[in-house]
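Visitor: what follows is a predicted structure for the sequence shown.
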Amino acid sequence: MFNKTVRKVYCRLVSINDGFDSKDFFGQTGGMDVAFKNFIYEMYIRDLSEKVKSGVTTCMKRGEYYAGCIVYGYQKSSDGKRMEIDEGAAVTIRRIFQELADGKDAKTLAIELNAERVQTRLTYKQAKGEQLNRHYKADIWNRNKIHSIIHNRVYQGDMVYRNAVRAQAGCKRKVRQPEEKWLVISDHHEAIVSREIFKKANDNIRKGKVAEYDRSAVRRGIVFCGCCGNRLELRKTKSPYYLCKRRNLLDNVKCNELRIEKEQIERTVWTIWQEHCRLFATVSLSQFFEKQQEKLRKQENILIQRLERFPAEKINLYEQFRSGMVKQDMFLKEKEQLSQQEVMVRKEIEKVSEQIDIQKKKQKNYWSVADLVERYGTSEALTEEFMREMVEKVIVYEDKRIEIIWKYREEFDELIKL
């Protein structure tokens, strides 16, 4: 498999110790001895991996810390192996658990923390000199941040490992594991809150109403705030409307003024979609792409004919040199000019071929959109399937201006220019 990959990218693999050269085995395997060595190496690596995992697990069970960035509220000990309470952040953690255990809801607490300018995990660690999520310019408390702290078993002294593992070796994506596969180490480190407070705070959160997912035409998750970039929340009333998740978390921000009816978003999306359908109906896509590709093919043929004349011109120049009609210095100069012209023509042919491929790809994308126009152009209302296939994002601004990001926006933009 590896040899095939190497050949596919036009590389040559040489192993001096094994006396192997992939050039000598073109189109073949490296023989039984190479295959057996590969098998032995793979088994050795797997065995080594298991030994490393076993050693790390033993250290974990002894109370040593083996993870990446340490959790908010703790810091590494002087030897770098254990977790110690960071009192600067632990004060905030204890307050969050105590207030929720006393019955306060997470959003009210978030508003209070923001009003008091209490540092979040990000701002606290950045103030200490740790570079975390440097893409973010601002960070505030919200309900989700508080819930993530309340659900984290680290704060009651337990450490949870392997709750998510990599999908495969070398892959960054992680897969959530069922709870029975977790490695949970009780009393791994000093707790910030007692188990009683931890349980009471979590029980109070679970008493709240479980959110129902909106399966309407404008799906929950694609409508965003144009001020802060967060998703909007749908309030299910007699006339459903959207609000920003950061509403009222801070004073004097534009997010607090943002409110828009769901019906208005659906009406806007549908109106623009009907206009797109009208544009597709007025343009003959087949004729447009045929003309573009025909023009490029003619240009390509002219260049190919020009390229085919270079060998004859070089032979003619050489015959003139042999017969004495052209001196040596002039022969070398003209030969170099012909070679340069030939290289330039080859580059032009490659460029035109790339343009033809791009046109073919665009044509394929246009036909995909045309198929969607044919399927949904006669619909009388928005559907979940339509929104999933056509709309990537809906952005709403405080002045109720709506921006729709279509999945096929490049094709629509090109169509408008025609």
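Guide: Thanks, I have it.
Visitor: I'd guess residue 238 is in a strand, am I close?
Guide: No: going by DSSP: H, G, I helix; E, B strand; the rest coil, the assignment for residue 238 is coil, not a strand.
Visitor: per-residue pLDDT of it, please?
Guide: Residue 238 is assigned a predicted lDDT (pLDDT) of 84.
Visitor: next one: residue 67
Guide: Model confidence at residue 67, given as pLDDT, is 67.
Visitor: name the nearest residue to residue 115, sequence neighbours excluded.
Guide: In this structure, residue 115 finds its nearest non-sequential neighbour in residue 251, 7.6 Å apart by Cβ to Cβ, 6 or more residues apart in numbering. Every residue, glycine included, has its C-beta placed from N, CA and C.
Visitor: I'd assumed that neighbour was in a helix, is it?
Guide: No: counting by three-state DSSP, residue 251 is not part of a helix but coil.
Visitor: now residue 232: which helix or strand?
Guide: For residue 232, the host element (DSSP states H and E) is strand 232-235.
Visitor: any buried residues in that strand, and which?
Guide: Going by neighbour count (16 or more other Cβ atoms under 10 Å), the buried part of strand 232-235 is 232, 233, 234.
Visitor: ditto for stretch 157-164
Guide: Buried residues in stretch 157-164, counting neighbours by 16+ other Cβ under 10 Å, are found at 157, 158, 159, 161.
Visitor: check stretch 347-366 too.
Guide: Those would be 348, 349, 352, 355, 356, 359, 362, 363, 366, for stretch 347-366 by 16+ other Cβ under 10 Å.
Visitor: could you dump those to a markdown table with pLDDT and secondary structure?
Guide: Converted to a markdown table, the buried residues of stretch 347-366 look like this (pLDDT from 0 to 100; DSSP: H, G, I helix; E, B strand; the rest coil):
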| residue | pLDDT | secondary structure |
| --- | --- | --- |
| 348 | 90 | helix |
| 349 | 89 | helix |
| 352 | 89 | helix |
| 355 | 86 | helix |
| 356 | 85 | helix |
| 359 | 80 | helix |
| 362 | 75 | helix |
| 363 | 75 | helix |
| 366 | 73 | helix |
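Visitor: show me where the stretch 101-250 of the chain has strands.
Guide: Assignment of strands within the stretch 101-250 of the chain using DSSP state E, counting those that start in this stretch yields the ranges 159-161, 164-166, 174-176, 183-185, 223-225, 232-235, 241-244.
Visitor: can I get those in JSON lines including mean pLDDT?
Guide: As requested, the strands of the stretch 101-250 of the chain are exported to JSON lines (pLDDT from 0 to 100):
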{"stretch": "strand 159-161", "mean pLDDT": "81"}
{"stretch": "strand 164-166", "mean pLDDT": "74"}
{"stretch": "strand 174-176", "mean pLDDT": "80"}
{"stretch": "strand 183-185", "mean pLDDT": "81"}
{"stretch": "strand 223-225", "mean pLDDT": "89"}
{"stretch": "strand 232-235", "mean pLDDT": "84"}
{"stretch": "strand 241-244", "mean pLDDT": "86"}
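Visitor: out of those, flag the one nearest residue 85.
Guide: Residue 85 lies closest to strand 159-161 among those, at 14.1 Å (Cβ to Cβ).
Visitor: partner strands of that closest one and their direction?
Guide: Here strand 159-161 has these sheet partners by DSSP bridges: strand 183-185 (antiparallel).
Visitor: surely residue 167 is in contact with residue 174?
Guide: Yes: applying Cβ atoms under 8 Å, one finds residue 167 in contact with residue 174, separated by 7.0 Å.
Visitor: so can I have CSV of the buried residues of stretch 157-164 showing distance to residue 262?
Guide: Shown next, in CSV, are the buried residues of stretch 157-164 (distance: Cβ to Cβ, whole Å):
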residue, distance to residue 262
157, 45
158, 42
159, 44
161, 43
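Visitor: closest to residue 193 among these?
Guide: Ranked by distance to residue 193 (Cβ to Cβ), these are led by residue 157 at 9.0 Å.
Visitor: so who does that closest one touch?
Guide: By Cβ atoms under 8 Å, 6 or more residues apart in numbering, the residues touching residue 157 are 186, 187, 188, 189, 190, 191, 195.
Visitor: tabulate the strands of the stretch 101-250 of the chain (JSON lines), appending distance to residue 65.
Guide: As requested, the strands of the stretch 101-250 of the chain are exported to JSON lines (distance: least, Cβ to Cβ, whole Å):
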{"stretch": "strand 159-161", "distance to residue 65": "8"}
{"stretch": "strand 164-166", "distance to residue 65": "17"}
{"stretch": "strand 174-176", "distance to residue 65": "19"}
{"stretch": "strand 183-185", "distance to residue 65": "11"}
{"stretch": "strand 223-225", "distance to residue 65": "37"}
{"stretch": "strand 232-235", "distance to residue 65": "37"}
{"stretch": "strand 241-244", "distance to residue 65": "38"}
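Visitor: nearest to residue 280, out of those strands?
Guide: With Cβ to Cβ as the yardstick, what comes closest out of the strands of the stretch 101-250 of the chain is strand 223-225 (25.7 Å).
Visitor: residues making contact with that closest one?
Guide: The contact list for strand 223-225 (Cβ under 8 Å, 6+ apart) reads 230-232, 234, 242, 244-246, 255, 258, 265, 393-396.
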